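1. Next input, structure requested:
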Amino acid sequence: MKYLWVIFLLLAQPLMATETKPWFGNVMEFEFRPTYSFRHFSEVDVSQGPSAYTSDDSLLNLSLALTPVSQWNGEVEMLVARTAEQGFSIAHLKATARYLWCDDIIGDPFSLTTGLSLTVPVKTSQQDISMGYHGDVEAELHAALGREMTRCDSWIARGWLVGGGGIANIGSPWLFFDANIEGNYCDRHHLRFFITGRFGVGDDNLDITQDPFVGYSDINHHSIDTGFRYTYLMDYCGVFYLEYSHRIMAKNYPEDVATYTIGYMLPFSL
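-> Sure, this is the predicted structure:
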């Protein structure tokens with residue numbers, strides 16, 4: 001059985017959601033994170049105003065992360081998607097490396113990480129309005145800053161902010177942020193509230209009549225989503241969570257998007 005995990009990792013190396021909070025898992029412990037999201041929207045914002053475009057998306061993300069030493073964390077992902085434009089198929093492959101500069105758990109005033117993510121979308125997903133890709137290869141630099149409030153040996157609340165930017169092999173760059181606040185009850189129940197934003201700095205407006213659609217590389221798109229996540233920590237069986245988010249602002253992008261997510265994290269060692 002253990003060799004199946006090794007094979008998965010090796011296959012993914014040449015390669016919904018990347019972990020960016022500024023705290024890593026246990027050293028030499030893998031974290032397998034499968035998540036499933038259902039996403040619905042019926043309008044897309046274009047320069048003339050909202051335009052009808054309905055998509056009911058199913059998104060399956062398979063992620064494997066490892067902290068080989070206390071300062072480094074790596075993660076590989078595969079996203080499988082079914083949308084109005086494509087059947088259930090691979091949407092992208094992604095790899096992320098992060099470095100921990102400061103750690104408030106061991107006495108620093110805050111935790112700080114920086115990282116680099118590389119994403120390779122498939123062609124059908126690049127041409128899908130609901131997926132949001134910019135090019136054939138995308139690179140994102142990101143940094144996360146956070147701090148925990150502790151009582152005895154446990155944290156009771158924590159907050160963190162992630163910010164960064166990306167660029168693809170074609171088109172204009174984009175910026176993004178992710179702000180979070182989370183509470184902990186009895187080391188068993190976590191409740192998180194978050195707000196995320198994504199902003200393309202291209203010069204063009206979205207044209208949903210374009211056939212084929214060539215991606216968001218030159219689109220001046222903006223979006224802001226907000227939501228919450230409930231997490232339940234199970235004894236010796238990993239972590240289970242439910243999440244809901246809703247898009248509260250969109251420009252040249254799908255609008256009024258509702259996303260429902262169920263996720264699981266299984267830690268294990270070889």
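2. For Glu31, which residues are in contact?
-> Gly25, Ser63, Leu64, Ala65, Leu66, Met265, Leu266, Pro267 (C-beta atoms under 8 Å, 6 or more residues apart in numbering). The C-beta positions use only the backbone N, C-alpha and C, and glycine is treated the same way.
3. In strands, which of those fall?
-> Mapping the contacts of Glu31 onto strands (DSSP state E) picks out Ser63, Leu64, Ala65, Leu66, Met265, Leu266, Pro267.
4. which one of those is nearest Ser125?
-> Distance to Ser125 across those (C-beta to C-beta) is lowest for Ser63, with 17.3 Å.
5. Wait, the closest one touches Leu79, no?
-> No: applying C-beta atoms under 8 Å as the test, Ser63 and Leu79 come out as separate, 9.2 Å apart.
6. Pull out the buried residues from the ones in strands among the contacts of Glu31.
-> Buried members of the ones in strands among the contacts of Glu31, scored by 16 or more other C-beta atoms under 10 Å, are Ser63, Leu64, Ala65, Leu66, Met265, Pro267.
7. want to throw those into TSV with distance to Tyr185 and pLDDT?
-> As requested, these are arranged in TSV below (distance: C-beta to C-beta, whole Å; pLDDT from 0 to 100):
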residue	distance to Tyr185	pLDDT
Ser63	26	97
Leu64	29	97
Ala65	25	97
Leu66	29	97
Met265	18	96
Pro267	21	94
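8. With distance to Met234 added, can I get the residues you listed in CSV?
-> What follows is those, written out as CSV (distance: C-beta to C-beta, whole Å):
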residue, distance to Met234
Ser63, 19
Leu64, 20
Ala65, 19
Leu66, 21
Met265, 10
Pro267, 11
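9. tell me which element Leu145 is part of?
-> Assigned by DSSP states H and E, Leu145 falls within strand 138-151.
10. elements contacting the next helix or strand after that strand?
-> As assigned by DSSP H and E, the chain's next helix or strand after strand 138-151 is strand 154-168. For strand 154-168, the elements it packs on are strand 138-151, strand 174-185, judged by 3 or more C-beta pairs under 8 Å, 6 or more residues apart in numbering; DSSP states H and E.
11. possible to save those as TSV with distance to Asp211 and mean pLDDT?
-> What follows is those, written out as TSV (distance: least, C-beta to C-beta, whole Å; pLDDT from 0 to 100):
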stretch	distance to Asp211	mean pLDDT
strand 138-151	23	96
strand 174-185	24	97
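12. Let's have those in JSON lines, adding distance to Gln210 and mean neighbour count.
-> Compiled in JSON lines, those are given as follows (distance: least, C-beta to C-beta, whole Å; neighbours: other C-beta atoms under 10 Å):
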{"stretch": "strand 138-151", "distance to Gln210": "20", "mean neighbour count": "17"}
{"stretch": "strand 174-185", "distance to Gln210": "19", "mean neighbour count": "17"}
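13. Could I get the contacting residues of Asn220?
-> For Asn220, the contacting residues are Gly200, Val201, Gly202, Asp203, Asp204, Asn205, Lys251, Asn252, by C-beta under 8 Å, 6+ apart.
14. Kindly report the same for Trp160.
-> Lys21, Pro22, Ser111, Ala144, Leu145, Gly146, Arg147, Ala179, Asn180.
15. how about those, which pair is most distant?
-> So, the contacts of Trp160 by C-beta to C-beta: farthest apart are Ser111 and Ala179, at 15.0 Å.
16. Tell me the buried residues in stretch 31-51?
-> Neighbour-count burial for stretch 31-51, counted by 16+ other C-beta under 10 Å, picks out Glu31, Phe32, Arg33, Thr35, Ser37, Arg39, Phe41, Glu43, Val44, Asp45, Val46.
17. follow-up on the earlier one: ok, so of the contacts of Asn220, who is nearest Ala91?
-> Closest to Ala91, out of all of the contacts of Asn220 and judged by C-beta to C-beta, is Gly200, at 18.6 Å.
18. isn't that closest one right next to Ala168, touching?
-> No: judged on C-beta under 8 Å, Gly200 makes no contact with Ala168 at a distance of 10.4 Å.
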